[in-house]
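Trainee: What would the 3D arrangement of this be:
(2 chains)
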Number of protein chains: 2
Amino acid sequence: MSEVAFNKFKIIMYDFQFISKIVNKDKRAVARAITYVESEYKESESILKSSFSFTGNAYRIGITGPPGAGKSTLTNQLCKHIRRLGKTVGIIAVDPTSPFTGGALLGDRVRMAEVGNDEGVFIRSMATRGSLGGLSRKAVDVADILDAAGYDFILLETVGVGQSELDIAKAADTTIVVLVPESGDSVQAMKAGLMEIADIYLVNKSDRPGSDQAVSALKTILMMKNHDVNTWLPTILKSVAVENKGIKEIFDEVTRHHNYLLEKNYFRSRRERRYKSRIKKIVESKIIHELWKDENEILLDSSLEKVVTDKVSPYQIADEIIANFKQRLTD
Amino acid sequence: MSEVAFNKFKIIMYDFQFISKIVNKDKRAVARAITYVESEYKESESILKSSFSFTGNAYRIGITGPPGAGKSTLTNQLCKHIRRLGKTVGIIAVDPTSPFTGGALLGDRVRMAEVGNDEGVFIRSMATRGSLGGLSRKAVDVADILDAAGYDFILLETVGVGQSELDIAKAADTTIVVLVPESGDSVQAMKAGLMEIADIYLVNKSDRPGSDQAVSALKTILMMKNHDVNTWLPTILKSVAVENKGIKEIFDEVTRHHNYLLEKNYFRSRRERRYKSRIKKIVESKIIHELWKDENEILLDSSLEKVVTDKVSPYQIADEIIANFKQRLTD
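Mentor: Numbers count the residues shown, from 1 in each chain, chains lettered A, B, ... in the order given. Model prediction:
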């Protein structure tokens, strides 16, 4: 065997061993793979490609809602409940609003103390660290790694109510929207687009005053929407996550939703829809990456003078850059 | 002249008349051009291209901050102040968080009653109406229409604190971040990235308790940042917009900032940077539009089966779609 061939062989063996470790739930290998994905190392794509055939078995639960609704506590309690049923859990906690990991880190410590030492639980926090772009895509990639590693349930927890959270929540099989009894929360949720993605509404901290009114308000909002008899009617539940009240009921409802999707043959179409939007995003991000490398960035910089001084329209410059990009591809 | 040539001539004459009307501040023509841009009519691009040579004279002031900070009131008062100085004003009020125009419309009515009958004022509200994408790009296009129409000042007011608002605020020559005295607001502003874009901080409703502490908190945060002596040090002002207190001071500070930018030769580079990010967005949105038309969408749909059943990685499918797109361009 030549040296070149031997080196190639070594790389393939390394990849093979790495994927094997992930599939065998080696926590260190899983953590490393996730870091590759998060940091956009060049190895990440080949890892995602090779490990993809091991995915598809984990059930993904999205947990979202406004800050302070008790999502982390709920996630922890759900995790402990699932563990008691003998199943393993991967947790991905995403905070797209925070350029720091401050909040996520604090939540992490509480979490680690509660469930982190359990061999059947893997926890990862993700924050933006300066760049907003691509976080939702990366979170779904990380879910795939945990799926390939064989975790039975993946809890995707997102903080806040922006577009990234909606994207991440859409990547779940069942999505729980967590609210608190305080008035206005449900209206805010509606405005933020959360009503479109909820399979289960949870009024958490329901020992506080106003929880019945919050449930009624949600019911009214749900009734206002035209409800198709062929779609799932979102359920409204109450909980006090911090006292472990209502957790079993939530999990049972997730199971009922899962069975509903299977019975109606929606499970597969839902996942197909999910893959569709995901592939779109991958393609777009790759094309845009290619678009701005090399001379197009230079062409753009040298055109700014024309825009400011000669009042050439940005749309005109855009046309020129696109023509140049196409020319480059055909060369 | 053949019939075809005559029809072309009619179209050119129509375009010419339309642009003339815009440049002559014909409010109906301006409103129509804005509707074309907002609704993405095919005419919009040629209008933007032809009218661009008339832009560049308006001074653009961005007004942003959390909901309830009094941005609409401030915008109205600033507008009235600028009118008293004999200058004309275009107002663009953007609410990216609202899929409805509810909030914007209410604000509009108050606004119309106060300043809407003035010939020297043009007001336009923009909301998402179902689609989040492109709102910031459209808001800047609308600003260009108002600029071409010859309004001396354009006030870009955005509600909320998401990525779209940051994009719109970056499109201004001077950006005012409006906060209220209540504690925590400045910390939230920092987290949301508002600190990076503010040229002027305004503690509005400063007759409420805690306004001095809010100013101190802002000063502390500003001091924590490494301040380059060659950049503008953001100013902190107080106001009670509803009582017209502090409005003159704000406008004077905007003028001081404008002069600073001119003196230091930053005005031009700032606008160049702005056009750069704008052209990038136009190019990307056009390429992505082209990417998904015709057979690529079909190729994507037919590939979903392979992903779900054969566990072919989404990254693999993405590669195939990109190859197909490139092939199509070279044909």
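Trainee: Okay, helices next: where are they in the stretch 1-150 of chain A?
Mentor: Along the stretch 1-150 of chain A, counting by DSSP state H, counting those that start in this stretch, helices occupy A:3-23, A:27-38, A:43-51, A:71-84, A:102-111, A:135-148.
Trainee: so which of those helices gets nearest chain B?
Mentor: helix A:43-51 (4.4 Å; CB to the nearest CB). (C-beta placed from N, C-alpha, C; glycine too.)
Trainee: Give me the pLDDT for the residue nearest the centre of chain A.
Mentor: The centre of chain A sits closest to residue A:168, judged by CA atoms, centre = their mean, with a distance of 3.3 Å. If you check residue A:168, the pLDDT there is 80.
Trainee: do residue A:293 as well
Mentor: If you check residue A:293, the pLDDT there is 82.
Trainee: Report the contact partners of the closest residue to residue A:170 other than its chain neighbours.
Mentor: Once flanking residues are discounted, residue A:170 sits nearest to residue A:197: 6.0 Å by CB to CB, 6 or more residues apart in numbering or on different chains. Taking CB atoms under 8 Å, 6 or more residues apart in numbering or on different chains, we find residue A:197 in contact with A:62, A:64, A:166, A:169, A:170, A:175, A:177.
Trainee: List phi and psi for residue A:197.
Mentor: Backbone geometry at residue A:197, expressed as degrees, to the nearest 10, gives phi -110, psi -10.
Trainee: From residue A:58, how far out is the residue nearest to residue A:230 when sequence neighbours are not counted?
Mentor: Setting aside the residues directly before and after it, residue A:230 is nearest to residue A:264 in space (CB to CB, 6+ apart), at 7.6 Å. Residue A:264 sits 21 Å away from residue A:58, going by CB to CB, to the nearest Å.
Trainee: who's more crowded, these two?
Mentor: The neighbour comparison of residue A:264 against residue A:58 (other CB atoms under 10 Å in any protein chain shown) goes to residue A:58, with 22 against 12.
Trainee: for the stretch 151-300 of chain A, what spans make up the helices?
Mentor: Using DSSP H, counting those that start in this stretch, the helices of the stretch 151-300 of chain A run over A:163-170, A:185-191, A:211-224, A:247-263, A:266-292, A:295-310.
Trainee: Can you spell out which helices and strands pack onto the first one?
Mentor: If contacts are counted by 3 or more CB pairs under 8 Å, 6 or more residues apart in numbering or on different chains; DSSP states H and E, helix A:163-170 sits against strand A:59-64, strand A:89-95, helix A:135-148, strand A:153-158, helix A:266-292.
Trainee: 6 Å instead, please
Mentor: Here helix A:163-170 touches strand A:59-64, helix A:135-148, strand A:153-158, going by 3 or more CB pairs under 6 Å, 6 or more residues apart in numbering or on different chains; DSSP states H and E.
Trainee: and those as JSON lines, adding distance to residue A:316?
Mentor: As requested, the helices and strands packed on helix A:163-170 are exported to JSON lines (distance: least, CB to CB, whole Å):
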{"stretch": "strand A:59-64", "distance to residue A:316": "42"}
{"stretch": "helix A:135-148", "distance to residue A:316": "32"}
{"stretch": "strand A:153-158", "distance to residue A:316": "40"}
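Trainee: Pick the most deeply packed of these.
Mentor: Counting by mean count of other CB atoms under 10 Å in any protein chain shown, strand A:153-158 has the highest mean neighbour count of the helices and strands packed on helix A:163-170, with a mean of 27.
Trainee: same question for that one, mean pLDDT?
Mentor: Mean predicted confidence for strand A:153-158 is 94.
Trainee: Residue numbers of the stretch 1-150 of chain A in contact with chain B?
Mentor: Taking CB under 6 Å from any CB of the partner chain as the contact definition, the stretch 1-150 of chain A meets chain B at A:45, A:48, A:49, A:52, A:53, A:132.
Trainee: same thing with the stretch 201-331 of chain A?
Mentor: Residues of the stretch 201-331 of chain A lying close to chain B by CB under 6 Å from any CB are A:271-272, A:275-276, A:278-279, A:282-284, A:286, A:288, A:304, A:307-308, A:311, A:313-318, A:321-322, A:326, A:329-330.
Trainee: can you give me the end-to-end distance of stretch A:287-304?
Mentor: End-to-end span of stretch A:287-304 (CA to CA, to the nearest Å): 23 Å.
Trainee: Could you check how far it is from the centre of its chain?
Mentor: Taking CA atoms, centre = their mean, to the nearest Å, one finds stretch A:287-304 lying 30 Å from the centre of the chain it belongs to.
Trainee: ok, now stretch A:207-217?
Mentor: Taking CA atoms, centre = their mean, one finds the center of stretch A:207-217 at 29 Å from the center of the full chain.
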